[in-house]
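>>> This is a predicted model, with the sequence first.
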Amino acid sequence: MGDEESRPGRSDRFNPYGGRRGRRKGGQRDHQGGSRDDRGGGPSHGIFARAVDSIAPGRSRNDRHGSRDSKGSRDNRRDNRDRHSDETWWKVTIPYGKRHEKEWLLTAIRNICSVPFQVVDYHFIQNAAAFYVDDQATADALRDVTKRITAKSGHKVVIQTRPSKPPQNHPVMDEKTIQLLKETMSKRYDPSTKQLNLSNMFHDEDLKANKIQMPLNKPSNMGEVIKVIAENIPEILVLNLSKNRMYSLQTLMDLASKAPALKYLDISDNAVKSEQELDHIKGLKLEELNLRGNPLCTSNRDTSLYISAVRKRFPRLLKLDGEAMPAPIILPDIGETTALPPIQKSFMVTPEIEGVLTKFIEHFYNVFDSSNRQPLLEAYHEQVRFSLTAAAGANAPAHIRAIFSQYIRDSRNLLRIDDGNLRVKLLKQGKLATVAFLNEMPQMQHDTSSFQVDVSRAEPNLLAFTVHGVFKDVQNKSGDQPLIAFSRFFITVPNPATGCLIVNDELCLRPPTSNQKRTAFCIAAPTPSPSPVTVPVGSPSQGLTPEQQAMVQQFILDSEMNADWSLKCLQENNWDYPASGQVFLQLKQNGSIPPEAFVK
């Protein structure tokens with residue numbers, strides 16, 4: 001910086017709405033505290049020569065791109081990067097840190113900090129203690145420790161961080177060091193196998209001979225290594241980073257884009273502790289990974305969980321820590337033309353169970369929709385448990401929330417209710433309490449044609465099933481009888497009188513889907529009855545299930561068509577009763593149904 005830039009004046013005062021000071025004059029880019037404008041002037045060696053020779057003397061690395069970044073916002077972004085390119089470290093400041101012993105303070109911070117860190121240039125600024133770290137992740141972790149340590153005086157220890165230039169005793173990598181790094185990497189690369197061995201770089205003899213230490217656990221060093229890989233050998237297949245004291249894999253995040261062909265990564269004998277570190281490199285399409293010798297492996301006693309955690313990040317992995325893994329399960333591309341099996345409206349396991357449930361459901365909801373629900377006492381066990389859950393949705397409109405307000409006050413949503421006493425209070429226990437609560441619920445009209453019944457467990461002495469559908473709230477204060485979707489889960493035991501005796505009843509209410517709104521109450525349809533329907537001789541009635549026969553019977557009554565045409569309409573619409581009713585009404589309105597369809 002020239003003398004005129006360092007001289008204080010009114011123009012140098014801090015302006016929170018203005019640009020940052022410290023940009024070099026002459027258009028040169030100051031990268032991490034040192035200029036690289038002279039890179040490429042010296043001799044180059046090995047396979048990395050093209051990275052050096054391609055830059056003419058006196059031109060910076062950015063100059064190679066010509067006018068690519070010379071227009072519009074790209075210029076602004078580059079100028080802004082240049083302006084802050086020297087702030088590649090982070091300064092950590094601890095107000096009143098001089099009052100504490102250095103060893104005690106750093107030990108207390110390390111015990112809480114989520115990532116290991118190296119302290120650089122520990123010093124004091126008046127009463128404050130300060131030091132440097134060289135990556136943002138560490139700075140963020142240190143900032144999270146603030147006010148979590150209590151000093152002997154009882155005060156909380158405050159930790160502040162901000163971007164900073166590198167400390168003076170830790171200069172960034174200069175041109176000579178970069179050139180030596182390229183030469184060292186060139187010697188360690190095997191072009192026949194596309195393998196780069198960067199194991200134990202801290203003790204590399206060539207670098208040590210030049211009095212250079214290259215620990216790859218420093219983000220700045222690893223960043224330079226990845227940059228060299230991207231510019232010279234992006235086709236690399238094997239990378240060995242073992243024995244480099246690496247505790248974080250965040251510095252490898254760019255590998256997926258810089259070396260997309262990488263298949264084998266060796267990061268054994270490092271200091272990686274958490275499986276979450278693997279998230280930084282999960283973009284790699286690895287076939288082999290070696291993590292042996294890291295705390296991540298030794299601390300995980302359950303081998304299956306360890307393998308599962310790695311497989312989750314690398315689904316195509318074939319070898320882990322030198323051991324073959326089971327072949328990954330990869331679903332084939334079935335294409336868009338593959339026909340899927342038809343959707344079953346209900347699943348009732350066997351015709352016998354279907355017969356019992358259709359009779360029970362029909363009787364239960366006929367009573368439930370009546371003006372007197374007291375006869376439901378005979379359907380419940382003496383020790384039945386009943387609960388109601390209602391959810392309008394987090395982003396539901398005001399009118400939907402208003403509709404559900406009368407149900408939500410009795411809703412036993414365990415995700416929202418932490419009070420144990422309230423949980424017990426909202427659980428209705430015994431058939432008297434259950435039916436008394438059901439009598440207090442609003443008058444409803446269920447659309448039996450919307451019912452879907454799924455049996456989840458069927459045993460001789462127990463039957464568990466869920467009924468899905470919609471109903472109208474006919475007593476709603478708004479007067480428009482809003483539509484509500486429901487799922488009702490029953491656990492029943494056999495009962496000679498009613499077929500099923502309910503021991504558990506869970507009712508869940510929610511807003512209907514758009515399809516439920518479109519098809520609800522389009523045509524009356526009862527719960528399927530197991531009683532067979534009589535059809536004329538010669539009609540295609542063979543092979544019909546009791547449910548299908550009941551649908552034909554009801555369609556004859558609703559449409560006033562004969563059995564043949566009713567059966568034909570249902571079959572052509574895949575036994576979808578609401579859809580069949582809509583098609584019938586549309587064709588009848590258009591006069592497209594022949595007169596013989598109504599001749600019985």
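Good, I have the coordinates.
>>> for the chain, which helix is longest?
Scanning the chain for the longest helix, with DSSP state H as the assignment, gives helix 351-368.
>>> Sort out which residues of that helix are buried, please.
Buried residues in helix 351-368, counted by 16 or more other C-beta atoms under 10 Å: 353-365, 367-368. Placement of C-beta: from N, CA and C, glycine included.
>>> next one: stretch 278-289
278, 280-284, 286-289.
>>> So which of those residues are in strands?
288-289 (DSSP state E).
>>> Check the buried residues of stretch 278-289 against A563 and report the nearest one.
Nearest to A563 among these, counting by C-beta to C-beta, is K282 at 61.5 Å.
>>> Contacts only, for the closest one.
313-314 (C-beta atoms under 8 Å, 6 or more residues apart in numbering).
>>> how near is it to Q276?
Separation of K282 from Q276 (C-beta to C-beta, to the nearest Å) stands at 10 Å.
>>> cool, and K319?
Per C-beta to C-beta, K319 is found 22 Å from Q276.
>>> Tell me how many other residues crowd A379.
25 (other C-beta atoms under 10 Å).
>>> these two touch, right, it and F364?
Yes. Using C-beta atoms under 8 Å, A379 makes contact with F364 at a distance of 5.9 Å.
>>> So which residues of the stretch 451-600 of the chain form helices?
In the stretch 451-600 of the chain, the segments counted as helices under DSSP state H, counting those that start in this stretch are 514-519, 546-559, 563-572, 577-589.
>>> If you average pLDDT over each of those, which is lowest?
Least confident of the helices of the stretch 451-600 of the chain, judged by mean pLDDT, is helix 546-559 with a mean of 80.
>>> quick one on the thing from earlier: the helix or strand following the longest helix of the chain packs against which elements?
Next helix or strand after helix 351-368 toward the C-terminus (DSSP states H and E): strand 380-390. Packed against strand 380-390 by the contact rule (3 or more C-beta pairs under 8 Å, 6 or more residues apart in numbering; DSSP states H and E) you find helix 398-408, strand 428-429, helix 431-440, strand 499-510.
>>> between the last one and strand 380-390, how many degrees?
In this case it means strand 499-510. Counting by axes from the mean of the first three to the mean of the last three C-alpha atoms, to 10 degrees, strand 499-510 points 10 degrees away from the direction of strand 380-390.
>>> Need the contact partners of stretch 283-297.
Counting by C-beta under 8 Å, 6+ apart, 242, 253, 255-257, 260, 262-275, 277, 306, 310, 314, 316-322 sit against stretch 283-297.
>>> buried residues in stretch 193-211?
Of the residues in stretch 193-211, 194-199, 201, 204, 207 count as buried by neighbour count, 16+ other C-beta under 10 Å.
>>> Between those residues, which sits nearest E596?
Comparing those against E596 with C-beta to C-beta picks out K194 as the nearest, at 78.5 Å.
>>> Okay, now the unreliable bits of the chain?
Along the chain, segments meeting pLDDT under 70 span 1-86, 168-172, 299-301, 327-338, 340, 476-479, 523-543, 600.
>>> picking that back up, which ones among the contacts of stretch 283-297 map onto helices?
Those of those mapping onto helices are 255-257, 306, 310, per DSSP H.
>>> Strands of the stretch 151-300 of the chain, start to end?
For the stretch 151-300 of the chain, the strands defined by DSSP state E, counting those that start in this stretch cover 160-164, 189-190, 195-197, 238-240, 264-266, 288-290.
>>> Please name every helix or strand in contact with the longest one.
Spelled out, that is strand 160-164. Partner elements for strand 160-164 (3+ C-beta pairs under 8 Å, 6+ apart): strand 89-94, helix 136-143.
>>> can these go into JSON lines with extra columns for distance to A597?
As requested, the helices and strands packed on strand 160-164 are exported to JSON lines (distance: least, C-beta to C-beta, whole Å):
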{"stretch": "strand 89-94", "distance to A597": "82"}
{"stretch": "helix 136-143", "distance to A597": "74"}
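>>> Buried deepest among these, which one?
Ranked by mean neighbour count, the helices and strands packed on strand 160-164 are led by strand 89-94 with a mean of 22 (mean count of other C-beta atoms under 10 Å).
>>> Quick check: next helix or strand after that one?
Sequence order places helix 102-112 as the next helix or strand after strand 89-94, per DSSP H and E.
>>> Please point out which parts of that next one sit buried.
Residues of helix 102-112 classed as buried: 105-106, 108-109 (neighbour count, 16+ other C-beta under 10 Å).
>>> circling back to that earlier point, list only buried entries from the ones in helices among the contacts of stretch 283-297.
Buried, going by 16+ other C-beta under 10 Å: 255-256, 306, 310, out of these.
>>> export these to CSV and tack on distance to Q406?
Shown next, in CSV, are those (distance: C-beta to C-beta, whole Å):
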residue, distance to Q406
L255, 58
A256, 54
Y306, 51
V310, 51
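>>> what's the closest of the residues you listed to L501?
Set against L501, the nearest of these by C-beta to C-beta is Y306 (48.9 Å).
>>> What count of nearby residues applies to the closest residue in space to T146 that isn't next to it in sequence?
With sequence-adjacent residues excluded and distances taken as C-beta to C-beta, 6 or more residues apart in numbering, T146 is closest to I159, at 4.3 Å. Residues lying near I159 (other C-beta under 10 Å) number 21.
>>> Can you name the residues that contact I159?
Here I159 is in contact with 92-94, 109, 142-143, 145-146 (C-beta under 8 Å, 6+ apart).
>>> what does I125 give?
T93.
>>> Try it again at 10 Å.
Neighbouring residues of I125 by C-beta atoms under 10 Å, 6 or more residues apart in numbering: 91, 93, 95, 97-98.
>>> measure the closest residue to H363 other than its chain neighbours to T448 for me?
Leaving aside its sequence neighbours, H363 sits nearest to T498 (C-beta to C-beta, 6+ apart; 7.0 Å). According to C-beta to C-beta, T498 stands 18 Å off from T448.
>>> Show me which of those two is the more surrounded one.
More crowded of T498 and T448, by other C-beta under 10 Å: T448, with 20 against 17.
>>> I'd like the strands of the stretch 151-300 of the chain as CSV, with distance to V470 appended.
Below are these laid out as CSV (distance: least, C-beta to C-beta, whole Å):
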stretch, distance to V470
strand 160-164, 56
strand 189-190, 67
strand 195-197, 63
strand 238-240, 58
strand 264-266, 54
strand 288-290, 51
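>>> wait, which of these is closest to F131?
Between these, strand 160-164 lies closest to F131; by C-beta to C-beta that is 10.6 Å.
>>> for N244, what are its contacts?
Contacts for N244 (C-beta under 10 Å, 6+ apart) come out as 198-202, 214-218, 221-222, 267, 269-271.
>>> The nearest residue to D140 once chain neighbours are set aside bridge partners, please.
Nearest non-adjacent residue to D140, counting by C-beta to C-beta, 6+ apart: T161, 7.6 Å away. Note on T161: beta-bridge partners by DSSP bridges are V92.
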